[in-house]
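Peer 1: mind looking at a prediction? Sequence and model below.
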Amino acid sequence: MRLPQTRTLIMAACDPLQLELFEVYQMAVEARDTLRGRPSNSNLVREHDETCFEIEQHAIRAMQEPSYLQRPPE
């Protein structure tokens, strides 16, 4: 798990928007890991790494500030 220090918060999450964000993050990580396992374009893997990092930052912020997901996108 990438965020072991937040495992308890993730497991306790019940907000539908948080759960959806965690699911999207899981799908992005799985897609990235699939690409890493194949001979592919390194730019595509890097792009997936960046996407995973961005989603991860949103997930961390959503756990720290529950109202974060209720705000309009910046």
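Peer 2: Sure, I can see it.
Peer 1: tell me which element Phe53 is part of?
Peer 2: Here Phe53, judged by DSSP states H and E, is contained in helix 42-64.
Peer 1: do the same with Arg38
Peer 2: Judged by DSSP H and E, Arg38 forms part of no helix or strand.
Peer 1: ok, it to Gln64 distance?
Peer 2: Arg38 sits 35 Å away from Gln64, taking Cβ to Cβ, to the nearest Å as the criterion. The way it works is simple: take the backbone N, C-alpha and C, and place the C-beta from them, glycine included.
Peer 1: sorry, back to before: and the helix holding Phe53, what other elements does it pack with?
Peer 2: For helix 42-64, the elements it packs on are helix 16-36, judged by 3 or more Cβ pairs under 8 Å, 6 or more residues apart in numbering; DSSP states H and E.
Peer 1: which residues are contacting the helix it packs on?
Peer 2: Applying Cβ atoms under 8 Å, 6 or more residues apart in numbering, the external contacts of helix 16-36 come out as 2, 10, 13, 44-45, 48-49, 51-52, 55-56, 58-59, 62-63, 66, 69-70.
Peer 1: tell me, how many residues neighbour Ala62?
Peer 2: 20 (other Cβ atoms under 10 Å).
Peer 1: quick one: contacts for it?
Peer 2: Counted by Cβ under 8 Å, 6+ apart, Ala62 has contacts Leu17, Gln18, Leu21, Tyr68, Leu69.
Peer 1: one more time with 10 Å
Peer 2: Leu9, Ala13, Asp15, Leu17, Gln18, Leu21, Phe22, Tyr68, Leu69, Gln70 (Cβ atoms under 10 Å, 6 or more residues apart in numbering).
Peer 1: which of the residues you listed are buried?
Peer 2: Taking 16 or more other Cβ atoms under 10 Å as the criterion, what is buried in the contacts of Ala62 is Ala13, Gln18, Leu21, Phe22, Tyr68, Leu69.
Peer 1: where does the fifth one sit: helix, strand or coil?
Peer 2: For Tyr68, the assignment made with DSSP: H, G, I helix; E, B strand; the rest coil gives helix.
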